[in-house]
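Participant: Pasted the sequence and its predicted model underneath.
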There are 8 protein chains.
Amino acid sequence: MAMKVYLSGEIHTDWREQIIQGSADLDVTFSSPVTDHAASDDCGVAILGPETDKYWHDHKGAMVNAIRTRKAIQEADIVVVRFGEKYKQWNAAFDAGYAAALGKSLIILHGAEHQHALKEVDAAALAVAENPKAVADILRYVLTQKLPG
Amino acid sequence: MAMKVYLSGEIHTDWREQIIQGSADLDVTFSSPVTDHAASDDCGVAILGPETDKYWHDHKGAMVNAIRTRKAIQEADIVVVRFGEKYKQWNAAFDAGYAAALGKSLIILHGAEHQHALKEVDAAALAVAENPKAVADILRYVLTQKLPG
Amino acid sequence: MAMKVYLSGEIHTDWREQIIQGSADLDVTFSSPVTDHAASDDCGVAILGPETDKYWHDHKGAMVNAIRTRKAIQEADIVVVRFGEKYKQWNAAFDAGYAAALGKSLIILHGAEHQHALKEVDAAALAVAENPKAVADILRYVLTQKLPG
Amino acid sequence: MAMKVYLSGEIHTDWREQIIQGSADLDVTFSSPVTDHAASDDCGVAILGPETDKYWHDHKGAMVNAIRTRKAIQEADIVVVRFGEKYKQWNAAFDAGYAAALGKSLIILHGAEHQHALKEVDAAALAVAENPKAVADILRYVLTQKLPG
Amino acid sequence: MAMKVYLSGEIHTDWREQIIQGSADLDVTFSSPVTDHAASDDCGVAILGPETDKYWHDHKGAMVNAIRTRKAIQEADIVVVRFGEKYKQWNAAFDAGYAAALGKSLIILHGAEHQHALKEVDAAALAVAENPKAVADILRYVLTQKLPG
Amino acid sequence: MAMKVYLSGEIHTDWREQIIQGSADLDVTFSSPVTDHAASDDCGVAILGPETDKYWHDHKGAMVNAIRTRKAIQEADIVVVRFGEKYKQWNAAFDAGYAAALGKSLIILHGAEHQHALKEVDAAALAVAENPKAVADILRYVLTQKLPG
Amino acid sequence: MAMKVYLSGEIHTDWREQIIQGSADLDVTFSSPVTDHAASDDCGVAILGPETDKYWHDHKGAMVNAIRTRKAIQEADIVVVRFGEKYKQWNAAFDAGYAAALGKSLIILHGAEHQHALKEVDAAALAVAENPKAVADILRYVLTQKLPG
Amino acid sequence: MAMKVYLSGEIHTDWREQIIQGSADLDVTFSSPVTDHAASDDCGVAILGPETDKYWHDHKGAMVNAIRTRKAIQEADIVVVRFGEKYKQWNAAFDAGYAAALGKSLIILHGAEHQHALKEVDAAALAVAENPKAVADILRYVLTQKLPG
């Protein structure tokens, strides 16, 4: 059994690398959104021409990024969504909803401080983890039947 | 032509009433999540028995609320998602993603201050409005061909 | 909002009547399998001709009953599955799996003694109730925002 | 033609090995649930943290196991479900219902003693076999046109 | 519970009337293909203009008839397909395959002489009846739990 | 049998009225895009605020119009697409493709001069008519089995 | 571009070999039903045990064959259905209907004598060919843009 | 991540080659309609026999071409549709609508002169580009996170 895993959400810490390294020997293919923040914000106008209105500047970029994001979610078996400590992160919650409606297996990754605010998102998940190691452990168990420790 | 409209998101202001009153003469059926905050938080344990762990308290409630929410979104032609000024509102963004994946017509309602943070959500919408009147105007135009003013 | 509810499972106690009476004033339409045990067992041969082999006797009946059951599940918003104290009740678990794959909102109804054996079935549900009143309370809350008591 | 086959149900006898060995020269890929009973029961708490309430202990494990099970069923061409002599085996019947709703080719494997109790499950199947050899014979015939003997 | 039933196939005997009359007191809505043979053959050229080539004459008619047939099958809960004694009746078998792929409940109606030739079609059905009364009896049982006699 | 018919395309002649009047006694519900040309062009900025760039002016309007158009096509049993003598009419061809992918019954209405240019669109249709009367005749035949004249 | 082609229907002439040989240099994968007539008729009882009633003998075989047939049709890009000169060939017409409902590209292969009887089947096809060479020519053109001659 | 890209529309300039060359080092697989104009027009009659009526001549060709086109669009992740300066190009707009209804990521490529006429088509797209280089830049960014320049 092989798994395709999409890693959505927060891009300011190394949680993706931790999961990828912790799963290095498994038959897993990872994908993610563009994690270069500046490129992600400006891709629309950089490729398709400038906009004077910031709304359309952002809009063109978000549309181009959606080409990558939607394909990755649609192809994924598992969608992991990480909520960090800062920012609104509405795109992360949007991805979770999108994945849930497609019937993907959702794993939500967040600290205890977000528990109440994320209760609807967590309720759509098959696992709620507090750290990247737990996500890697789930992937290992699901693919190899091996539990940690 | 008749429309079913689901009004998702912020529950602390009267934006739902404004849209409903502004559409009172149209062939529109509105639905919404449970907007009684206390009932929404406690419904799981009130009906299915208490939990000592706050996580499962919240979880049971979120699951029961999902019975109402999922049906309403699945039946809707249009899903309006309102982002207010406060709180994380991840459930609103989750609903937007869920509706987008189901191919619903999305209308996002928010103030200018959230423009950048909501760019991925807005990019999935057919309209982004700044006030409830604009949403009611869209419903009127879509159903009757009449523009405001 | 109106709900269609399919009541699957155990046919030897009055749990269906309790739910239906407890929801008498709500906009709910209930359906159920054929609950006349003898008719359900013999419908195939009674209508389509006798079989000498008990397997085909049962098979013809199960196929005819599936005409009713599949339509009812496919049309339902909510599928309630009741596991009683006796018998294998594999058709109840089959209905739960069938409904889960169709994305229906599942409510599982069973006593505490079945908790471990039903853990995979419960994990697919939005609510796990111990008595019919709790199911009726969920329907009331989901449709009217009112909690019991 | 290649086939993907999911082997669901009873984990206490060697029926899976018999089918796999009997099909060793065929273009078939097999998958199965986690068959390590203890790991399967405890995976949730072992990875995601302990629970004081047995229900949530079981629940967390069942959800993690669902990540594996759902992917395997969704990818399968054929789902074989084995009912043994003991236990409730509701997860097996649930898998059968889930697979049926997805339109998978179902093969049910059980002894004659369960014929009446499984009549609704059998009615959704394309074959009902009494022993693992018959399942392997079906795979061989379907892939190579060769009948046994 | 209400049922929509499409009556496909042979148009030279009164089998449709027998079923409809036998179900007159039930909550069933029947539909059928155009049963006026001449109109059915000529509708394409009568409405859209003549063709010199018989193939296109037939083709235009078959396409226009498909507007009615496809809608009726897609809306039906149950598709009854009757095979008579004469003719190739490939459109009947085509309708059966079309309905099967859409997951409709199929009832096949034919005499014993066609048993071997129809084995693949019968294998996709939930009931195989020898006369119209049996079909009406199935509808009655499925809707009212009442068996004949 | 009742039919829902969406009338897409050219808005400068009275072809819609001819079809509607010719079907006045039939069980047909018609829908159409906004046929007020000025309102259709300006609806986006009239409701959601002005744009300095003509592209975004048009874009906002097209998105708002899509709320109406998509619902109407998705609900339709039959989509009639009329190509007139002038203009590019790419939105008409887009609607035809959209409807074809959804499996709707397509009727294309155009003069002989467009035959070659529309060959791919016509190839997706169940009928190609040269005048509105033929469309009304198809609706009458499909619903009542009656041919004209 | 690679194509998967299912060759359904008549098994008494070498039409499959003609198509396969005529496409030997193309990127096409062919599949077919079991073409060993005796094995196809007896597979059910040979593997799953004898039946005294010919109907169930046939039924068990047809169900086992459906495991192969359904997978092959579901995976195919193109379904070719050949109608020969003899027999009822209802399984061929059933396959055509099944494939049409799944949106497969249908090619029907038959002699001129069957034109009228197959008009509904032909109307669902993208090509109607009179001989195997034409089918191979279509595959070549679709994959390489090369026309014969 | 690998992408499948279908290049639809205008066949008289080298825009396809520009995109393909500009993406030569990326993990992209391109497909396109038959771009040999004469072959595309005559394929139906060349393979399946002549027609005296030009309409059916065109129709047979359009149907055969649809075998290639539909598969390519259905398999694509991204559908690029190019509108050139001349001709009606209704097949291009049809492809765009078809792809939109299937949820494909659409990129529309056209000059500024077509902006108003294409507003409904553009509104269904994730990107609207003015030249082939911009399309290649999007593919590069989506696959590698690299922006041009």
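Facilitator: In hand now; what should we look at? Residues are numbered from 1 along each chain as shown, chains lettered A, B, ... in the order given.

Participant: Surely A:Cys43 and A:Gly61 touch.
Facilitator: Yes. Counting by Cβ atoms under 8 Å, A:Gly61 is a contact partner of A:Cys43 at 5.0 Å. In short, each C-beta sits where N, CA and C put it, glycine included.

Participant: Who has more neighbours out of the two?
Facilitator: Neighbour count, other Cβ atoms under 10 Å in any protein chain shown: between A:Cys43 and A:Gly61, A:Cys43 has more, with 29 against 25.

Participant: Enumerate the residues of chain A near chain D.
Facilitator: By the rule Cβ under 8 Å from any Cβ of the partner chain, the part of chain A lying against chain D is A:1, A:3, A:77-78, A:105, A:107, A:125-130, A:134, A:137-138, A:141-143, A:145-149.

Participant: Tell me which residues are up against the longest strand along chain A.
Facilitator: Longest strand of chain A, by residue count under DSSP state E: strand A:3-9. By Cβ atoms under 8 Å, 6 or more residues apart in numbering or on different chains, the residues outside strand A:3-9 that reach it are A:15-16, A:19, A:26-33, A:69, A:72-73, A:75-84, A:89, A:91-92, A:95-96, A:99, A:109, A:139, A:142-143, D:71.

Participant: Paired strands for it, with orientation please.
Facilitator: strand A:28-31 (parallel), strand A:78-82 (parallel) (DSSP bridges).

Participant: Where does the residue in chain A positioned nearest to chain C fall, secondary structure wise?
Facilitator: Residue nearest to chain C within chain A (Cβ to the nearest Cβ): A:Gly103, separated by 7.4 Å. If you go by DSSP states H and E, A:Gly103 is not part of any helix or strand.

Participant: which residue sits closest to it, ignoring its sequence neighbours?
Facilitator: The spatial neighbour of A:Gly103 that comes closest, neighbours along the chain excluded (Cβ to Cβ, 6 or more residues apart in numbering or on different chains), is C:Gly103 at 7.4 Å.

Participant: Let me know the pLDDT of the residue of chain A found nearest chain E.
Facilitator: Going by Cβ to the nearest Cβ, chain E is nearest to A:Gly103 of chain A, at 17.7 Å. Note on A:Gly103: pLDDT of 97.

Participant: Ok, A:Ala127 next?
Facilitator: Looking at A:Ala127, its pLDDT reads 98.

Participant: if we can go back for a sec, for burial, what's the neighbour tally of the residue of chain A closest to chain C?
Facilitator: The tally of other residues near A:Gly103 (other Cβ under 10 Å) stands at 12.

Participant: In this structure it contacts C:Ala101, no?
Facilitator: No. Counting by Cβ under 8 Å, A:Gly103 stays clear of C:Ala101, with 9.2 Å between them.

Participant: Just give me the neighbour total for A:Ala96.
Facilitator: Around A:Ala96 there are 32 residues (other Cβ under 10 Å).

Participant: what do you get for the one 10 residues further on?
Facilitator: By other Cβ under 10 Å, the residues close to A:Leu106 number 24.

Participant: Tell me what it is bridged to.
Facilitator: Applying DSSP bridges, one finds that A:Leu106 bridges with A:Val79.

Participant: That one contacts A:Gly97, doesn't it?
Facilitator: No. Using Cβ under 8 Å, A:Leu106 is not in contact with A:Gly97, being 9.7 Å away.

Participant: Going through the contacts of strand A:3-9, which ones are buried?
Facilitator: A:15-16, A:19, A:26, A:28, A:30-33, A:69, A:72-73, A:76-84, A:89, A:91-92, A:95-96, A:99, A:109, A:139, A:142-143, D:71 (16 or more other Cβ atoms under 10 Å in any protein chain shown).

Participant: now, which of those lie within strands?
Facilitator: A:Val28, A:Phe30, A:Ser31, A:Ile78, A:Val79, A:Val80, A:Val81, A:Arg82, A:Leu109.

Participant: Can you show me the helices along chain A?
Facilitator: Here chain A has its helices, by DSSP state H, at A:15-22, A:37-48, A:54-75, A:90-101, A:119-122, A:132-144.

Participant: Tell me if the first one is near chain H.
Facilitator: No. For helix A:15-22 and chain H, the contact criterion (Cβ under 8 Å from any Cβ) is not met; the two come no nearer than 13.4 Å.

Participant: which other helices and strands contact that helix?
Facilitator: Helix A:15-22 sits against strand A:3-9, strand A:28-31, helix A:132-144, with contacts defined as 3 or more Cβ pairs under 8 Å, 6 or more residues apart in numbering or on different chains; DSSP states H and E.

Participant: Can I get these in CSV including mean pLDDT and distance to F:His37?
Facilitator: As requested, the helices and strands packed on helix A:15-22 are arranged in CSV below (pLDDT from 0 to 100; distance: least, Cβ to Cβ, whole Å):
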stretch, mean pLDDT, distance to F:His37
strand A:3-9, 98, 43
strand A:28-31, 98, 45
helix A:132-144, 98, 55
